[in-house]
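# Sharing a model that was predicted from the sequence below.
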Amino acid sequence: MFERFVERRAEEALSDTPVVLIVGPRRAGKTTLVRKMGEAGRTYITLDDQTVLEAAQSDPAGLLECERLKSWSSKFHPQN
């Protein structure tokens, strides 16, 4: 994958912000970029899933806390 200007900007934003929203036109590589960045131990959440979208709309802080706890737990109890 080609290095993108936006990747550096997203990394910079994540250095002091827990959440970064990536938006753009269809087939621009948003998912590819975010999954690549997720390899650094970050959690990728998509709002394409209706249940996740509803959770984000009704309790955004709770959704992020739940994802943070799942991520933390998986480091100590990995699924095989």
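On my side now, so go ahead.
# In three-state terms, label the residue positioned nearest the centre of the chain for me.
Using CA atoms, centre = their mean, the residue of the chain that lies closest to the mean C-alpha position is Tyr44, 2.8 Å off. What DSSP: H, G, I helix; E, B strand; the rest coil gives for Tyr44 is coil.
# ok, it touching Leu33?
No. Using CB atoms under 8 Å, Tyr44 is not in contact with Leu33; the gap is 10.3 Å. (C-beta placed from N, C-alpha, C; glycine too.)
# before we move on, back to that, show me what contacts the residue nearest to the centre of the chain?
Val34, Arg35, Gly38 (CB atoms under 8 Å, 6 or more residues apart in numbering).
# List the ones among the residues you listed that fall in helices.
Val34, Arg35, Gly38 (DSSP state H).
# Based on its surroundings, how many neighbours for the last one?
When you say that, I think you mean Gly38. Gly38 has 12 neighbours, counted by other CB atoms under 10 Å.
# Quick check: the gap between it and Leu47.
15 Å (CB to CB, to the nearest Å).
# Now do Ile22 against Ser58, distance only.
Using CB to CB, we find Ile22 at a distance of 22 Å from Ser58.
# Now the residue nearest to the centre of the chain. Its backbone dihedrals?
With angles defined as degrees, to the nearest 10, Tyr44 sits at phi -110, psi 120.
# so what pLDDT did it get?
We have a pLDDT of 79 for Tyr44.
# which one among the ones in helices among the contacts of Tyr44 gets closest to Leu53?
Set against Leu53, the nearest of the ones in helices among the contacts of Tyr44 by CB to CB is Val34 (16.3 Å).
# what about that closest one, how many residues close to it?
Residues near Val34, counting by other CB under 10 Å: 17.
# residues contacting Leu47?
Leu53, Ala56.
# now swap in the one 4 residues further on and tell me
Contacts of Thr51 were listed using CB under 8 Å, 6+ apart, and none were found.
# What's the separation between it and Glu7?
Thr51 sits 29 Å away from Glu7, going by CB to CB.
# do Ser15 as well
13 Å.
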